[in-house]
Structures are given as structure tokens and as C-alpha cells.
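Undergrad: sequence first, predicted model second:
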Amino acid sequence: MHEVSKTSIVSVCKLGSRTPRPSGLHTFEPPSHFWVDAVEIPAASASTPSDLSRLAPLVDQLRQRFPTDRLLTQPAQLAPYESDGLTAFRVHPGGVVLVQDASEVVTVVRLCHEHGVPFVARGSGTSLSGGSLPVAGGLVIALNRMNRVLDYQPRSQTIVVEPGVVNQQVSRHVAQDGLYYAPDPSSGPVCTIGGNVAFNSGGAHCLKYGMTANHVLGIKAVFPDGELVELGGRSHETAGADLAGMFVGSEGLFGIALEIVLRLLPLPERFHTVLAAYDSLEKAGDAVASVVASGLLPGAMEIMDKLAIEASEQAVHAGYPTGAAAALIVELEGPEEEVAAEIPRLDAIMQASGAYELRVAKSAADRMNIWKGRKGAFSAVGRLSPDYIVQDGVVPRSRLGEALAEVQRLSARYGLRVANVFHAGDGNLHPLILYDGRIEGQLHQAELLAGEILRMCIRLGGSITGEHGVGVEKLEFLPEMYGEAEMELMNRVRQTIDPQELANRGKLLLSASDVGKQSHAPHPLESAGVISRA
Amino acid sequence: METIETTEQLTHFVRNQAQVRVRAGGTKPATSGNANVSLVNLSGVIEYESSEFTITVRAGTPLAEIENLLAEQRQYLPFDPPLARAGATIGGTVATGLSGSGRFRYGGVRDFLLGVRFVTGEGQLVQLGSKVVKNAAGFDFPKLMVGGLGRFGIMTELTLKVFPAPEATRTVVLENDNQSDALETMLQLAASQLDLTCLDLDDTNRIRARVAGSDSALLDRVARLQQFSNIANKVIEGEEELALWQAVGEFQWVPAGYRLVKVALAPEQIPPLISDLTPGALRICAGGHLGWIAWPQERPGEELDRVLAQHCCPGLAITGDWHSPLIGEHQGSAFARRLTLALDPESKFTNPQPVV
Ligand SMILES: Cc1cc2nc3c(=O)[nH]c(=O)nc-3n(C[C@H](O)[C@H](O)[C@H](O)COP(=O)(O)OP(=O)(O)OC[C@H]3O[C@@H](n4cnc5c(N)ncnc54)[C@H](O)[C@@H]3O)c2cc1C
């Protein structure tokens, strides 16, 4: 395995050499200028001077244990690790260690703890919320080489993997037995199970089967102080508190997952995928509501608006109805007879929904093509605009129409185009806010608009993130979604697990020392200047 | 025992007691034996928006009340919470983490709980998770409440995701000659594309496979299921089918003089476990991942505790007397201990029992 292709797609692009792009990646093709206006986060905002002085003795210790090709400390070697999918942020890590197995991770974590050096676990670096952004003077623990399947029990429908295993590799590994791993983020060809666990990642097919947390049965992890812990197990059922469930989505703050037990599902026998075109976004939204109300339980229901369709068509030519105000994908799945029985019900709803064009996938290739258009939408939007922010928020499903109308109003008010691509069945919005970073002040406007969308999600009773996590991006919004008591509780939990805040410092929760000071001021990273979210 | 009526009373109670052990429906006495506060009156539906497919209820609300309300809108809780007829509440169901046979298809109670409001060991009322079906913001406290036995907080309100009810159902009962055939058939069915809703195996080698979905497809699907296994079988429908699953959900098979224990299993653990379980009986649910053990009252609980530990199975005692409801082997005490420090620093909820 060459780690150039495995470390981070983002970094590869950023270095300007776009050729050695990982071959499996079809979805993420940012324009080249995408990477240039990154902002360097001043070291002081994320680490203290003492962190820097602690680093040298740690690196000395690591040198005794790791060969030079797996312990990177030269600026040129570190550059690929400075950023993640939230590309405008950039931090120089103190060093990167490329670990090969769990015992190495434990050794490194224990040494970091001993020396008081903060660390960040890193999978493929595709986080859209800055989750894998390094800490200045801290260590990056790169997990991509830990990509082995440790155990696979097709009869129990479970698989045990190392955290660096790539999401889609799991389904590929088990396909021969008619099984698959359900959570399907668009970044599936590159993102890792470790990253999925940290963020409780979702995908288009979460409507029926839930997110990562619903498919993780057990986790072996190392706490930030080096203690090993096993949570859950190999059963699809739990007895006693669901501690593995509590670990999932903790954004790396509880330490590093070393082994993960996943639940597998039998592949559905038949898919029925419909692509419908509408002359208004509202009609598409109403169609979703009608499908839901009918009692059908599709595997996925996704909407793309005009801008997103145009972008996607230009990029992947999936045959989407250009000119449509909205496209809706509905996918039924299940046993042959059941799907056959559901098709006329779905047809009737779609006919009545005012769709002016209905296309049904006639073959597996046709179906893949429709999904290619949807899954490539984020990156495709890059073609419409020099820069854009991917937002991720959730509203109650019945208020989707209201939310979309509000996004349109905000778009008009700010004079910025917003493309919408979203998991309509779940009420999970992904507004893509287009702007031009070269135009003075436009980024700031885009930022404000993004913030207004998040506040709208909170106001409507939803969430500030459905799947991309809080990371560094939404630090200041979490306390708006939860009250003071809830924030205090989260901080306390963090303190009992990692009082030194070594694991993913500056993510999800403000540093204990910043709480209070920061509550109403903008996050230090934000004040640092130009920010974009990819 | 004090019966509280409001969350204010509960926070007050928690602040003023050295120990707090909760009980609601009392259907799982092994988990609420030494209770000093009852939540039965903290009951009622707070919000039910059927178009939203979510419901928010007070913790002491009886399952039966929730299920009836959902049924009016042709919706249901797919994880089949057990003991509804006996008077189980939603809070007790979540706190013990109990799911029934329906967990096979769409997952257990852990997969349907979206948000919780609970009282911490310091008497602080907090609301975590959310009321929407997708949320990745902050630590997932709702998961911690599932099976937490009130050790990390006392739930007062819960938000759950619900699903549309299937149009029709049938159950096929398959008779197997011996245990290994029965297990083999069950595993093949579990991995099949038949999309079963329930897949149970009882201690007489009888498999119960339930099919649910569109009315017009059901008979064909049942026929396929019959062909798939090609062994003696019987199709059950209507009232009889309802009664069958109700009996399963109420554990009517557990003989008088036996205690009920839940065990989380991986299918490969089943054959060796069964041979070590006598004189207990094991019923299997969820395609081999969930087991229910009937254990004779007169046999020491420690004996079963040891057997489960030897087989690395975590167990939860539901009825009868036990020194602790958590028996067998439980992982994660290091995590649980730290969480307790944050959520219940004075160990009011765990006293006198250990955390895991
Ligand atoms: C084009 C594109 C499309 C995307 N589509 C989706 C989508 O559809 N749905 C979705 O949910 N997300 C999506 N994402 C976001 C991203 O891919 C996910 O968040 C993914 O889970 C990150 O995985 P990763 O391996 O890249 O993790 P990284 O970015 O490397 O890390 C993410 C976080 O996980 C932590 N971490 C990594 N490994 C471990 C471990 N073993 N233990 C503990 N913590 C760990 C890191 O410290 C970091 O905080 C998309 C991103 C891109 C660029």
C-alpha cells in the first residue's frame, strides 16, 4: 500500500499534484483553486507554547520505536496532513506517525499521555467539519495502514475490522456471501470505518436502516490515557448499557477505536429506483411527504434542486432532467414479490405528485448511474462556483417545505446562490452555499448565511448536524442547540475521560479553559479569518 | 416507596436521597428490587405527530397505551417491546434495553430511541439527543440510557422513532427434527433475502418465522418461505397469529418456578451454551442474537452467572431474586466507571451495586 494514495485525498489535491488521486474515488473532485485560500490557524489558538516544548522529547521516544518512513516530522512530509475536507483550515502538526497495528496505537497514545502532547487520529481526512484537523505541536496518528479485516463471520452476519478499513471495502469483502454493510456515505470509496465511527456517519440509505451507530456492535478502543477498553461485542443485541453506542459519534474525544465489530445485512433481492422531475421544489417535497404518509418504507428518498442537478449533470452526465426545479430519487428495496407489490402504490403517488417526468432504472447499471449523479453532487457543485460551503442540518420532516423556503429567502437576501442536495426522507438538509472567496467579504456573507441556516434548524426543533459532526466547524453552535446544563454534562464526561484534553482538542467541545470566556464570542478559529467549508 | 408525579418532585427527590433506585411498571422485578421511587405516575404522551413518525412520551407511560395510540395511525414500534400486556412502561423498557422478536428486522430499542430527558445524580434535569430522526450533534446519551438500568440517570421523557405498520402478516412455524437442523435452518433463513420480520427458535426445535408487508405479496412470500426450508410447517394467521406473538412477548412459555434472564448472543455461541445450560431452557430470537433463559428458582443464580461468564455472554436478569441484575460477562467497566463519575459523582444510582 502506498500511503501517498491512502493518506488523504485532500492533501493530494492540495499539494497541487492532482494526478495521483486515489483510483477508487469518484465523488470528490474539487477544483484546483479550492485549496489555495486556506487559512493558517495561529498555533496559539489550538495549542499552548508548552505543547511545543513537550513535543521534542516525545518525538525522541517515538524515533526509538518507529522507522523514519513511518514517523514524519519534516515540513514537506507534514503538508499532506495539515487539512481535511474542511479545506480552508490548515494547521501544521508537530509530527505524524503512521501506525500499523493496535499495539502501536496504544504505545503512541500512552507516550502522548506521558508527555502531555495532544493527538488527532486520522482516517482518510475527508471530514467536512474539520474533525481531522491537527493540533499545532501535536501528533497526528494516521490509521490508514490499519486496514485489515480481523474476523468475518458470514453466518452471524458480523465482521471485525481495523479502523483504517475503507467503508466500501467492507461491502466488497462480504458481497460473495450476499451480505453488505448498510451505511453508505457519498465518501464511501475513501472514508474509513474509524472516521465513520467517530462521526456516526450517514448516507442516502439511512432512512430505513439508520446511521453508523445502528450498525456498530462492538468497539475496542484506547482511552486518551492509554487504558484499553472493550465495549459491546459480537451480538446484534446488547445486555447492560449500550456503551459501544455511546462511543460512536464522540468525534474522537473518547480516544481511538482499534477494532470495530459491524453488523452486516443480507443484500436486498430487488431494487426499484425512480427518478422524478418537478417544476418546483415544493412539489418534490410534497411527494416525499405523500410517500411517507402512504406507509411505504423506501430504502432512500433524496432530493436535488435545480442548481445541484445542473452541476451534477455537467460533472457525471447521469441523465438527470436538466431544467427541472427539483429531482427526487425514491428507491424501494426488498424481496422480489414485495417490491413488485409496492411499485404500483409508489407509481400512483408519483403520478399524482405532479412529476413531469418519471424515469425508472431498468438495470443495475442504470441504477448506479442515478446514484452516481446524486453521490457526486457535492463535488460537482464545485464546477458552478469558485468556492462553496457544505452545510448539514436537520429539520423535522414535516417542516421540510418551510425550511427550504426559508433557505431560498436567505439565499435571496444574501445574494448568494444555494444549491440543495438532501436526504429528504430524514429531513437532513445539505445546502451548498456558493461564493467567491476572491471577492472581498463574500466568504463572510456565506458564513453568516450558513449560520442562519443552522439557527433555523435549531428553531424548527432539529439539529445542527445530521451526519458531518460538529468538529471545529460548529463548535459555537452546539451550545445553541443544547442548554448550559447539557453542555456542562458533556464537558464533565470529557473531563473524566481526558482531563488533559489530549484527544481531538478543539473539536466538538470548547476547551474547559475557554468555556465561559468564549460563550458569546466567535470561535477563535473563526476569528482567524477566511473560512470555507467544503 | 415514594411515587412522584412531576419532574420537579423527582429532581428534588434525587437531590435529597443518598440512594435512588427507580421502578415503574414493576414487570422486571430483578432490575427494580430495591426501588425507593416509583415513576408510574409520570405518565402520558407529550407529543405525537404521526406525519413525523416520532413520539415523545413520559417515562412511566405504559407500552400498551403507546402501542394503541400508534395503531390508530397504522404505526408501531418495530422492536416489539416485551411485557406490554403485563404493564411494562416505555421508561422501563429503555432502561433495561428490552426488545422482542421484532428486533430481527429493523433493530432493537437502541435503534429507535432518539432523545431523552433525564435527571443526573446531582438532581440536574437535562435533555439530550433530539426529536428528529437524524442527529450527530454531541455525545449520544440516549444510547447510554438503553440498558443502563437507571445507573447513569433517571429518564423522565423519551422521544422514539416509529415506523408504518405493515399491511399484513403471516407466521410460518417450521418443525425441525433436532437442534442442529433447527439452528442450521434458522441461520440460513437469517441470511436469506426473504426479509423476515421475526425469526425465533424455541427449545422444542420449532422455528417461528414471521413475514410482514404488502397484502398482495404476502401469500407468495409465505410460499417461498415454505419452499426455502422444505420441512414440515404450518402457516398461522389472524387472531391465532396475534395470540402467538403476544404469548412470546409476555414470556408465557416460562414455567412457574422459573426465573427469566435475557442474554445477548452471537449465533456461534449457541450450541456450546445450550449444552451447559441444563436445567435451564433457552429460547432464541432475532436469528440467534437474542436469547431468553428460563432458570429454575431453586437453583443458585450464581450457577447461571458462571455459565454465562464462561461463554462470554452478557446477561440481564428480568425476574426472580439475583445479587445483581447484570450477570455473565459484561465489557466496558472502565468506560462505565468514568461515565458514572461524570453523571452521578456520589454514586446514588449505583449504590450498593457495582456499575457493571
Ligand atoms: C465528497 C464527500 C462526501 C461526503 N459524504 C458524506 C455522507 O454522505 N455522509 C456522511 O456522513 N459524511 C460524508 N462525508 C464526510 C466524511 O467523509 C465522513 O465524516 C467520514 O466518516 C470521515 O471519514 P475519514 O476516514 O475521512 O475520517 P477523518 O476525516 O480522517 O477523521 C474524522 C474524525 O474521526 C476521527 N477518527 C478517525 N479515526 C478514528 C478512530 N479510529 N477512532 C477515533 N476517532 C477517529 C478523527 O480524529 C476525526 O475527528 C463526505 C465527505 C466528502 C469529502
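TA: Noted; the coordinates are in hand. Residues are numbered from 1 along each chain as shown, chains lettered A, B, ... in the order given.
Undergrad: got the domain boundaries for the chain?
TA: With no chain named, the answer covers chain A. Per automatic domain parsing, the structural domains of chain A span A:12-142, A:149-266, A:270-459, A:475-527.
Undergrad: not quite, I wanted chain B
TA: With domains defined by automatic domain parsing, chain B comprises B:2-164, B:168-249, B:258-323.
Undergrad: and stretch A:375-394, what's buried?
TA: For stretch A:375-394, the neighbour count (16 or more other Cβ atoms under 10 Å in any protein chain shown) marks A:375-382, A:384-394 as buried. Using the backbone N, CA and C atoms, a C-beta is placed for each residue, glycine as well.
Undergrad: intersect those residues with the contacts of the ligand.
TA: Filtering the buried residues of stretch A:375-394 for proximity to the ligand (criterion: Cβ under 6 Å from any ligand atom) leaves A:378-379.
Undergrad: which of the buried residues of stretch A:375-394 fall within strands?
TA: Per DSSP state E, strands hold the following members of these: A:387-390, A:393-394.
Undergrad: which residue packs closest to the residue positioned nearest the centre of chain B, ignoring adjacent ones?
TA: Among the residues of chain B, the one closest to the centroid is B:L98, at 1.1 Å (Cα atoms, centre = their mean). Nearest non-adjacent residue to B:L98, counting by Cβ to Cβ, 6 or more residues apart in numbering or on different chains: B:P82, 5.5 Å away.
Undergrad: so that neighbour touches B:A247, yeah?
TA: No - with contact defined as Cβ atoms under 8 Å, B:P82 does not count as touching B:A247 (11.1 Å).
Undergrad: which of these two has more neighbours?
TA: For B:P82 versus B:A247, neighbours defined as other Cβ atoms under 10 Å in any protein chain shown are more numerous around B:P82 (27 against 12).
Undergrad: for the more buried one, what are its contacts?
TA: Neighbour list for B:P82: B:88, B:93, B:98-100, B:249-251 [criterion: Cβ atoms under 8 Å, 6 or more residues apart in numbering or on different chains].
Undergrad: the closest residue to chain B within the stretch 151-300 of chain A in helix, strand or coil?
TA: With Cβ to the nearest Cβ as the measure, A:G245 is the residue of the stretch 151-300 of chain A nearest to chain B, at 2.9 Å. Look at A:G245: counting by DSSP: H, G, I helix; E, B strand; the rest coil, its state is helix.
Undergrad: distance check, the closest residue to it other than its chain neighbours against B:N135.
TA: In this structure, A:G245 finds its nearest non-sequential neighbour in B:K143, 2.9 Å apart by Cβ to Cβ, 6+ apart. Relative to B:N135, B:K143 is positioned 12 Å away (Cβ to Cβ, to the nearest Å).
Undergrad: which stretches of the stretch 1-150 of chain B form strands?
TA: In the stretch 1-150 of chain B, the strands defined using DSSP state E, counting those that start in this stretch lie at B:2-3, B:22-23, B:37-38, B:45-49, B:54-58, B:75-76, B:113-119, B:125-129.
Undergrad: OK, contacts around the closest residue in space to B:S38 that isn't next to it in sequence?
TA: Nearest residue to B:S38, sequence neighbours excluded (Cβ to Cβ, 6+ apart): B:T3, at 4.4 Å. Neighbouring residues of B:T3 by Cβ under 8 Å, 6+ apart: B:37-38, B:40-41.
Undergrad: and B:V126, by the same measure?
TA: Going by Cβ under 8 Å, 6+ apart, B:V126 touches A:483, A:485-486, A:489, B:117-120, B:153.
Undergrad: which residues does it form a beta bridge with?
TA: Note on B:V126: beta-bridge partners by DSSP bridges are B:F118.
Undergrad: per-residue confidence for it?
TA: At B:V126, the model reports a pLDDT of 98.
Undergrad: just the helices in the stretch 151-300 of chain B please.
TA: B:179-191, B:215-229, B:238-249, B:270-277 (DSSP state H, counting those that start in this stretch).
Undergrad: out of these, the one nearest the ligand is which?
TA: The ligand lies closest to helix B:179-191 among these, at 27.3 Å (Cβ to the nearest ligand atom).
Undergrad: dump the closest one to PDB, restricted to CA.
TA: The C-alpha coordinates for helix B:179-191 follow below in PDB (Å, rounded to 0.1, in the frame of the first residue of the first chain):
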ATOM      1  CA  GLN B 179     -31.400 -29.000  17.400                       C
ATOM      2  CA  SER B 180     -28.600 -28.800  14.900                       C
ATOM      3  CA  ASP B 181     -31.000 -28.900  12.000                       C
ATOM      4  CA  ALA B 182     -33.100 -26.200  13.600                       C
ATOM      5  CA  LEU B 183     -30.100 -24.000  14.100                       C
ATOM      6  CA  GLU B 184     -28.900 -24.500  10.600                       C
ATOM      7  CA  THR B 185     -32.300 -23.700   9.200                       C
ATOM      8  CA  MET B 186     -32.600 -20.600  11.300                       C
ATOM      9  CA  LEU B 187     -29.200 -19.300  10.200                       C
ATOM     10  CA  GLN B 188     -30.000 -19.900   6.500                       C
ATOM     11  CA  LEU B 189     -33.300 -18.000   6.900                       C
ATOM     12  CA  ALA B 190     -31.500 -15.200   8.700                       C
ATOM     13  CA  ALA B 191     -29.100 -14.800   5.800                       C
END
